[in-house]
Structure formats: C-alpha cells, structure tokens
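Undergrad: My questions concern the predicted model and sequence given below.
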Amino acid sequence: MEYFTPKSQRGLESKKQTISRRAFVLSVAKYGFFGLLISRLTYLQIFKSKDFKFQSDRNRFREIKEIPERGIVYDINNNILASNLQVYKILVYTNEIKNLDEFLFQIGNYVKLDILEVKKYKNQILKQKRTNKYQPLVLDKSLDWKTIARINYNLNSIPYIQPIISYERTYNYSNQFSHIIGYVSEPDKKDLNNISSNLLNTPNLKVGKSGLEKQFDREIAGSPGISVLETDARGRQLKLVSFNKGNSGKNIYTTLDKDIQIEAFKHLNEESGSIVVMSTDGKILCCVSSPSFDANQFTYGMSSLNFDKLNKNPLKPLSNKALSSLYPPGSTLKMIVALSALENNIINSNFKVRCREKVDYHNQTYHCWKEHGHGVVDLKRAIKESCDIYFYEVTRLLGVDRLYETANKFGFGSLVLDNFLEEKKGLFPNSKWKKKALGKPWYLGETIITGIGQGYIQATNLQICKMVAQIANGGYEIKPSFLKNDDYTLNNKIIKNDDHLKIILESMNAATNEIRGTSYASRIRKGDLLFCGKTGTSQVRKITTDQRLRDIKNKDLPWEFRDHSLFTGFGPTNDPKFAISVIIDHGGSGSAKAAPIASKVMQFIFKKYYKNQNV
Amino acid sequence: MYEIRKNIFRSFVGKLSQIDWLLILSVLFIAGISFLTLYSLDSDKTNYVEKHFLRFTLSIIILFVVASINIKFWYKTSYWIYALVLISLLLVDFIGLVSKGSKRWLDVGPVNLQPSEVMKIAVIMALAKYYQYLKTDDVDKPSKLALPIALIILPFLIVVKQPDLGTALFILIVSISILWLAGLNLKIFTFGALSILVLAPLSISFLKPYQKNRILTFLDPDKDPTGAGYHVTQSKIAIGSGGFFGKGFMEGSQTKLAYLPEPHTDFIFTAFAEQFGFVGCLILILLFIFLISRINKISNNSRSNFGRLLCFGIAFNFFAYVGINIGMVTGILPVVGVPIPIMSYGGTAMITTMFSLGLVLSTYIHRDENIL
C-alpha cells in the first residue's frame, strides 16, 4: 500500500514549485500552439479567403449552359436547307463521381448500355476526370423522351448527371448542299479560340467546320441559355438559382435555289466536277460540287472508317470543287482575250487570221485543236469555232500585261467571296508577277499559250462563272454572294465600249446556236428561249510531239491526265439573266461533256423561271 | 432525516456559492456558440440542437454535483474510478458496439458510453493521485516509474486495439503531460522523444491501411481531393471561404450542402468558422484560452499536489482537445477524430468534459483543504 500511496511529507514544498514551474513551461507551449492556430486561420480566412470563396461557389453551384439553336439556313424561296433537331442527352459531372462502377450501374437502370458502351463511357469519364474535370461530359447517346422523363423523376437517386435538351444540326438535303452550307462538328482547339467566349463549355457544342456554317459561325451560333443550380455534395439538385434564356443564332437567307442545286447535282451524276449558276447581277443560285458526302454524318459523329473512305477517295468528295479546285480556263478565256484586244484597239471585229492547224513563233510550233485548220477566220468565227491560231496571234499582238489588266477587271486572280474558308483565288500571270515569283523574265511563248487559257493561269469555276455573268450583264462589275440581303445593284462598268461586248455576245450566241459552233449540239432546241456559251478543254499536261504523231486520244490516257471539260455560258440569249459554268474534271472536251450538262440545267432554269413563256 | 437533508442541501448551495463563476460563464458562452452552430446545421430530419441542449443541461448538473463533492473523496476514489473505466474499456472489446469498423461504444441504458473518452480523465486522476506524495527525488527512479507507466500503457494498448489510434495517442499525450508536471527528469523526455522519432517509421508498418492513408493524406491532402483528403480539403474551403466576417448565420453553404462530413461533431468548428469568419474564430479561441487559463489559476491556488496535478492535467486535456481539433480541421494536423469540447455533438465527450470541469471546481471550492 505504501508503494501506491506514499505518505512521506518531505520535499512537498519543492514539489509544488516543480509543478508550477513545469506548468508554466507547458502553458507557454500551449499559448504558442494557439498562436499557431490563429495564424493558420489568418492565412486561411484572410489571405487565402478569395481562393476558397471561389472554390466554395464552384462546389455549390452547377452552371449548365443550354446550347442555342443554330440559325436556320434558307434558300432563295425560303425553303429550309439546314435546321436543328431536338435531342435529349445526359451530362455527367465526372469530378463528383466517387464510385464509377456503381454510377454506371445506376445509369444502366435507365439507359440500356451494352458492355462495349459501358467500357467506352468508363474510359471517357476517366479521361474527362483527368483532363477537364470541372466540365460535364456529354454522353454521346441520344435518348428518347420517356427515358429522360424517368431520369428526371428519379434525379435524386441518380446524382452526378443532368438530363438536357440539346439540338443537333440537321441538313434537309444531305448531299447536295454539303459543300456550300458545310457541316458542323465538335470544336477543336483552334475553333475554341474563334468562337465567342460565352459559348465555351456549352455541352454538346458543335461548330461550323466548312462552308457557310464556318463563314457565319459567329452569327449562326447564337448565345447559350445558362441555368445555375444549387447542388449538394452528392450532386443532388436543391433548387434553380437563376436562369438566363439564350438566343438562337441568326437565320441565314441565302440566294441558293434548292431546285437548281438538286437538278445540277443530279446531272453531275457522281462525276468529279462542279456547277455554278448565278444571276447576272451576282446572286449565286447554285454552287454544287460532286461527288458529295452526307453532312448529317458529321453532326451525329462519323466513324473513322467512313471518314477515311471520304478522305482517301481520289474523286475528293470533301473538297468544294466550285471554289477550291483550280483549273486553266482553256478556251473559256477567249472572250476576255478578244475583249481585251478590242478595248486596247489592237484589233477590230474585222481582224482576220489564217489558220493552217499550226503556226511557228520563234522556232516553236503551236497547234490548233482542229485538224487541217479553220482557214481564214474573223473574230466571231474564232470564238464560235474556238480557233486557237487566231488567239495566238491576237495575244501575241496584245501582250500578257494588257490581257492581265482586263482579266483582272473581270475577277481573275482575286477572291470572289468574302471570308469563305474554302475559296482559292487562283492566279492570272503577268510579266511582273513572273519576275517576282519565279525570278525569270516573261517569254513570248508563255503569252501565246496564255491566250488560249493555258500556262500559268489558274481559275476557279466560280471565277469563270463570274466572268461570264459580267459579260452577259453588259459589262457591269458584280459582287457575287450567297446572301439574299446583299446589294446586287449594278453600277461599275468595267468595259469602255458596248460595241465590243456586243461582238463577244454575238460570237458566243453563234458558238451554241449556229451550225459548226462548238456547242451547237447542246443548243436548246425546244421553245423560244435560247442559251449560249463557250466550251473549253483545258490541258492537264503538255501534249508531246510523240503523242501528237501517234495521235493519242484523250480517252486513252489515264483519268488524271485527261483534259478538263469546261463550259460557261448564259441565258436567255436575248435578255441574259442567268450565267452558268460547268467543269467536269478530266471529262475530255468541253463540247462533249460540260456543254450538254449546262444545257440541261439551263433548260431546267428556263422552265422554272419562265413559266409563262414557251419553253 | 429532514435535518440531514437540509444540511446536505445547505452545504451544497453553500459550496456552489463559492464556485468560479467566470469559468462557468465561459463554458456557457462556448455552449451558446455550439447551440447556434448546431441550429444552423439542423435539417427537418435532425434535431441536434435540442439533444445537445439536453445533454449540456444534464452535464452541467453533473458538474455541480461533482464540484460540491469534497476533493478528498475524488482523491480517495481515483484508483477505483480508473479501474472501473479500465474494466469498461475491456468490456467494449467483448460487448461493444461496432461503428465504422471499430468498437468504441458501450450500450448503457439511454446513452452509448465511450469508455476511451472517459479514460482521458481517469488516467489523469490516477496519475495525480500517484504523484500526490511521491518525493521529487524519487520521481525518476525506475521502480517508482513502473506503476505510472503501467497506468498509461494499459489503456493505451486497449484503445489502440479498438482500433482508435487518435484517442489512444490522446491518452498518451495527456498522461505524459502529467509526468512532465510531476517533475520527471528532462533527460527521460529527451530520450523518449528521440526513441519515438526512431520508432515512428517502424510503427507505421503496423498501422491499418486507412490509418496509413490518413497520415499520407495529411501530408498532401490535394493529392486525392475526392478520397481521403476530401474532408480536409472541403473543411479548408469552408473555413477559408468564411473570410474575415463569415458568410453569416445560416449562410454556410459548404456545411449546409453536405460538402463537409459530420459537420455537427468533429467538424463543428468548420461549420462555425464558415458562418462567423475569422472574427468568430478568434472570439471562440479566446474563450477557450480564457477557460484554460482559469483552470490553470485554480490549479496554482490549490494546496494539494493532487489538486494541482489534476487541474493542470485537465487544462492540458482541454488544450489538447481544442488544439488538435482546430489543427485537424484547418489541415495542420491529421484527421484523427478528436472532438472539440463542449461544442461537438456527442454524449460521452460532453459528460466527461463537464465531469472534469466539476473536478476542477471541486478543487477550487476545497482549495484550502488538505487531502488527508
């Protein structure tokens, strides 16, 4: 007992002091620690308070952006070309999920998921958690209304998700307009820099990737609705804190005519090529490229296999050939050469040249396409029968720099449209350009082949159509566009003398509607309304002497070496309202391939726009 | 019979009139803060504030009763109380209630008693009794150290086994503070501290995975913000977002929206800090400091070494509770499940705390009496 309760009284006073001394030391330590706690609180609540407030709000509020409806795209008669389909999707708040398998199991109670999908979503969720955890993930599964209603009803028991109503871009004519309207798809990094900032982090956002969708993306996109929900730590929604209604994107009223577009696409018949139709004051009614692709597939997610197929197709279905393929204009340039020579008083309408099939300049032989030659030809016949020898001589006299001036006025070498992603501006050469770009002087031989639209010249189908429209409208400059509300009044004249133009128009008329004209076979035979135009056969490769001697026919060559077939014209001849340009890639001669198609499309236009007349 | 009862009553009232009312006042303030915070946390389904109020009322009655009983009685019964608590600790092992993977509670009628919580005070009492008459020169003798070490190690091991490492360490720390006060040689402390440093990495291998996790998470809570570090991260967000003046009463979004685990028990300081900000926290901490310094003062004025050791021990116990809890919710200490006294919702802790304050007040009232 003595051991447990020692009774000795000695040393107790000193013990009291010991306790007091040690208690003091302990107290100092205690207050020191309290000081530490207070400084910690100072750090958290005063210095870092702002950061924590931000985090607290993010904890508390869940902001959901509702995707706005993209603007509807109309054709010239207010037919809908592109609209939006309402779809139901679910968002997954990946950063809040604690048990992924349990979560997917819960989702599986409402949405049927097969094993592959479960695996796919698991990976997607994990990826989102790693890369962008504060943004919800959109499950790429469209749900029906019934499922959404069930999920909404049971929202409290399946946290971390949010059903949303979203829109998917839908194209009514899935192939015909794919190039010109373009398509939408998920934004990449570059797109995210371009879109307006309030669209960032909108679930299921798609952006225009090509065509009008791309050009007018900012206008069409609209602004998202934003609802802010208060949620608890388990992701359950407590209440709607605020809601801002978004705005649909601006509708786009185009000048496209769906009927012409569909008809033209039909006649291209899956061949590689394009057709552009515009009114002579510049409204682009049809701009179709072939072969095409289904733009809706991009909206709903295209498999990489399908995309590969499109990408590797030698006929290049993804490219908009009317705007981005460049061709030597060939004989379709002859109107410009003639006009330039007339305007510069190099020749008059009576200027004649004898065509003996070939001609020599500086020991170099130049050929006409026609065997045995045309004989003596004047300007009208030279255009009508497309005599090359005549234009060699005219161009030689004219020179490339003066030709360049005229061609430039008619739009060669510069963009037709504003900010259209796919459009190329092509090239019209002159001596200065060559010196600068190639560092070499201009040779006469180059002038001569430029006169028949070969050589360095590169033009788009749209440029050729614009050129012919400006000839057909009496020499007024136009600014072609797809937008109905643009100004289409004619004002600037780009020719000096109307008589010069008259000769050209007469010659073109003769080329189609008079016997021996290059497109006589494609003339419109029925009705009162006629059309006319100029064929072109542009070489892709130089014809070697050997080939000429062996008389190798175009159709015997591999496809990619065959000539391009061109035709550009207008109608009706007595009062030109419509300009057309058709190019069939490697289609052979202009009269054989392009002209008949142009004729059919023009007949269709006459039937549609001249109902009261005998067509 | 009536006379005796009247006498008891008279002496009870007489004794209470000598009580340190400033101490009681600070306790009431802290309790008031607790009610306010619990009220803000209550939902339709919970009724923390009412239950806590009942417990507090019951406990304060216990406090007065304990205070009015002569310190001699507590001195005499110290070992018995210790033994009783030790037995109930052992009982937990056999008939205890399992919650969250560990056995800590005993089902005694209306409340679930947590003997390990009571042990914190019991061990102080036993050690204080032991050192009451031990000569200063004898304190360092190994033979005289055997009993106190046994008194400490026994409950420590039992509680570790529950497993409740937090409470076990707590008991250890509080006990060591008594050894310190009793005048144990500084060399022994230095030696002890060094051996802990050496043994700590070794002992980690004996820890349960969740315990290891807690330590790792404490070292880097942001590493796994939705997992084990979630509590600390969310707690820091809540405290920090409170700012200088707080978000206002009932405006604690973090705690209300259940971003915080158990905001009514271990994390009640967080809930308070979010609503009342730095100013509120400062007032609360000052209240605790005042309470502790009050106990220290009582301790210093006590004639008996038992009273002094007991009160200093209880003061340190208080400090350890508050310090560890706030340290833990602000992220400077690992989350070990230590409540904050008087504030945290929980029966045993409340009763134990008030019991210990009762002992302090008993020391105060009987400060001039000799133990024997």
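TA: Good, I have the coordinates.
Undergrad: what's across from the closest residue to A:Phe216 other than its chain neighbours in the sheet?
TA: Using C-beta to C-beta, 6 or more residues apart in numbering or on different chains and skipping residues adjacent in sequence, the residue nearest A:Phe216 is A:Ile252, 5.9 Å away. Where C-beta positions appear, they are placed from N, C-alpha and C, glycine not excepted. Beta bridges link A:Ile252 to A:Val73 when assigned by DSSP bridges.
Undergrad: For the residue nearest the centre of chain B, pull up the helix or strand it's in.
TA: Nearest to the geometric centre of chain B sits B:Tyr321, at 4.8 Å (C-alpha atoms, centre = their mean). Taking DSSP states H and E as the definition, one finds B:Tyr321 inside helix B:305-329.
Undergrad: And the residue nearest to A:Phe216, how far from B:Leu91?
TA: Separation of A:Ile252 from B:Leu91 (C-beta to C-beta, to the nearest Å): 82 Å.
Undergrad: Next: A:Lys384.
TA: For A:Lys384, the distance to B:Leu91 - C-beta to C-beta - is 118 Å.
Undergrad: which of the two has more neighbours?
TA: Using other C-beta atoms under 10 Å in any protein chain shown, the more surrounded residue of A:Lys384 and B:Leu91 is A:Lys384, with 27 against 14.
Undergrad: Now do the contacts for that one.
TA: Shown in contact with A:Lys384 (C-beta atoms under 8 Å, 6 or more residues apart in numbering or on different chains): A:507, A:510-511, A:514, A:516-518.
Undergrad: Buried only: go through these for me.
TA: Among the contacts of A:Lys384, those classed as buried by neighbour count (16 or more other C-beta atoms under 10 Å in any protein chain shown) are A:507, A:510-511, A:514, A:517-518.
Undergrad: What is the nearest of those residues to chain B?
TA: Nearest to chain B among the buried ones among the contacts of A:Lys384 is A:Thr518, at 76.1 Å by C-beta to the nearest C-beta.
Undergrad: Verify the stated contact: the closest one with A:Ser591.
TA: Yes - here A:Thr518 lies in contact with A:Ser591, judged by C-beta atoms under 8 Å, at a distance of 5.0 Å.
Undergrad: tell me which element whatever residue of the stretch 151-300 of chain B ends up closest to chain A falls in.
TA: Of all residues in the stretch 151-300 of chain B, B:Gly240 sits closest to chain A, at 2.8 Å by C-beta to the nearest C-beta. Element membership for B:Gly240, per DSSP H and E: helix B:230-242.
Undergrad: Quick one: check whichever helix or strand comes after that helix for contact with chain A.
TA: Sequence-wise, the next helix or strand downstream of helix B:230-242 (DSSP H and E) is helix B:253-256. Yes - contact of helix B:253-256 with chain A (C-beta under 8 Å from any C-beta of the partner chain) involves B:253-254.
Undergrad: For the helix or strand that helix B:253-256 is followed by, name the packing helices and strands.
TA: Next in sequence after helix B:253-256, counting helices and strands by DSSP H and E, comes helix B:268-301. For helix B:268-301, the packing partners by 3 or more C-beta pairs under 8 Å, 6 or more residues apart in numbering or on different chains; DSSP states H and E come out as helix A:12-42, helix B:21-41, helix B:230-242, helix B:253-256, helix B:305-329, helix B:347-365.
Undergrad: Out of these, flag the one nearest A:Arg62.
TA: helix B:253-256 (12.8 Å; C-beta to C-beta).
Undergrad: on contacts alone, who are the packing partners of that closest one?
TA: With contacts taken as 3+ C-beta pairs under 8 Å, 6+ apart, helix B:253-256 sits against helix A:49-60, helix B:21-41, helix B:230-242, helix B:268-301.
Undergrad: can you put those helices in a markdown table and add mean pLDDT?
TA: Formatted as a markdown table, these follow (pLDDT from 0 to 100):
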| stretch | mean pLDDT |
| --- | --- |
| helix A:49-60 | 80 |
| helix B:21-41 | 93 |
| helix B:230-242 | 85 |
| helix B:268-301 | 94 |
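Undergrad: Nearest to B:Gly327 among those helices would be which one?
TA: Of the helices and strands packed on helix B:253-256, nearest to B:Gly327 by C-beta to C-beta is helix B:268-301, at 10.2 Å.
Undergrad: List the buried residues for the closest one?
TA: B:268-278, B:280-281, B:284-285, B:287-292, B:294-300.
Undergrad: what angle sits between that helix and helix A:49-60?
TA: Interaxial angle, helix B:268-301 versus helix A:49-60 (axes from the mean of the first three to the mean of the last three C-alpha atoms, to 10 degrees): 130 degrees.
Undergrad: and residue 342, what pLDDT?
TA: Going with chain A. A:Leu342 is assigned 95 on the pLDDT scale.
Undergrad: try again with chain B
TA: 93.
Undergrad: give me phi/psi at it?
TA: Per-residue torsions, B:Ile342: phi 70, psi -40 (degrees, to the nearest 10).
Undergrad: measure the closest residue in space to it that isn't next to it in sequence to A:Pro159 for me?
TA: Leaving aside its chain neighbours, B:Ile342 sits nearest to B:Ile30 (4.6 Å; criterion: C-beta to C-beta, 6+ apart). For B:Ile30, the distance to A:Pro159 equals 37 Å [C-beta to C-beta].
Undergrad: now swap in B:Leu147 and tell me
TA: Taking C-beta to C-beta, one finds B:Leu147 at 56 Å from A:Pro159.
Undergrad: what do you get for A:Phe428?
TA: 65 Å.
Undergrad: The two - which one has more neighbours?
TA: Remark: of A:Phe428 and A:Pro159, A:Phe428 carries more neighbours, 27 against 19, as counted by other C-beta under 10 Å.
Undergrad: hang on, the more buried one packs against A:Tyr404?
TA: Yes - the criterion here is C-beta under 8 Å, and A:Phe428 meets it with A:Tyr404 at 5.8 Å.
Undergrad: ok, back up a step: and the helix holding B:Tyr321, what does it pack against?
TA: helix A:12-42, helix B:71-95, helix B:115-132, helix B:165-181, helix B:230-242, helix B:268-301, helix B:347-365.
Undergrad: which stretch among those comes nearest A:Leu398?
TA: helix B:230-242 (79.7 Å).
Undergrad: Hmm, A:Ile64 and A:Leu91 touching each other?
TA: Yes - between A:Leu91 and A:Ile64 a contact is recorded at 7.2 Å, counting by C-beta under 8 Å.
Undergrad: which residues do those two both contact?
TA: Shared contacts of A:Leu91 and A:Ile64 (C-beta under 8 Å, 6+ apart): A:136, A:162, A:164, A:203.
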